[in-house]
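Peer 1: Got a sequence here, can you build the structure:
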Amino acid sequence: MTKLQIRAFIYQLGCFAILFIFARFAVEQYTNLIGFWIPLTAFVIGTLLSPKFQAVKTKDGEKLYMKWIFMKGIKEIG
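Peer 2: A predicted model of the protein is given here:
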């Protein structure tokens, strides 16, 4: 794995973790779900809402890109 691929993985993991923790707290507090349904629901929410990062090799070298449900198109990360 290249340096940018590792960076993309860490960014994606960090964003998912933050959204998962927030979603788990919200689901536990504001719904009547019990047992394994709480983390399962938080997992689905975190997966759908977290941005996707990917390192792509281009003619100019390797670049890091991000795609998110709340943004139009794909954004290049410096």
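
Peer 1: Residue most distant from the centroid, the protein?
Peer 2: Lys59 (26.9 Å; CA atoms, centre = their mean).

Peer 1: Can you give me the buried ones in the longest helix along the chain?
Peer 2: Using DSSP state H, we find that the single longest helix of the chain is helix 3-30. Buried residues in helix 3-30, counted by 16 or more other CB atoms under 10 Å: 4, 8, 11-12, 15-16, 19-20, 23-24, 27. To be clear about C-beta, it is placed using only N, CA and C from the backbone, and glycine gets the same treatment.

Peer 1: cool, and stretch 64-78?
Peer 2: Buried residues in stretch 64-78 (16+ other CB under 10 Å): 64-66.

Peer 1: First-to-last residue distance for that stretch?
Peer 2: 7 Å (CA to CA, to the nearest Å).

Peer 1: just how off-centre is it within its chain?
Peer 2: 12 Å (CA atoms, centre = their mean, to the nearest Å).

Peer 1: Over the helix or strand hosting Ile38, what's the mean pLDDT, rounded is fine.
Peer 2: If you go by DSSP states H and E, Ile38 is part of helix 37-49. Helix 37-49 carries an average pLDDT of 97.

Peer 1: rewinding a little: quick check: phi and psi on the residue farthest from the centre of the chain?
Peer 2: The phi/psi pair for Lys59 (degrees, to the nearest 10) reads phi -70, psi -20.

Peer 1: and Lys72, how far is that from Ile21?
Peer 2: For Lys72, the distance to Ile21 equals 27 Å [CB to CB, to the nearest Å].

Peer 1: ok, how many other residues are close to Leu40?
Peer 2: The number of residues packed near Leu40 is 12, by other CB atoms under 10 Å.

Peer 1: Ignore what I typed, I meant Ser50.
Peer 2: For Ser50, using other CB under 10 Å, the count is 20.

Peer 1: Ok, Gly46 next?
Peer 2: 20.

Peer 1: Skipping its backbone neighbours, what lies nearest it in space?
Peer 2: Phe20 (3.8 Å; CB to CB, 6 or more residues apart in numbering).

Peer 1: Tell me who's in contact with the closest residue to Gly73 other than its chain neighbours.
Peer 2: Nearest residue to Gly73 in three dimensions, chain neighbours excluded: Lys67, at 7.8 Å (CB to CB, 6+ apart). Taking CB atoms under 8 Å, 6 or more residues apart in numbering, we find Lys67 in contact with 51-52, 54, 73-75.
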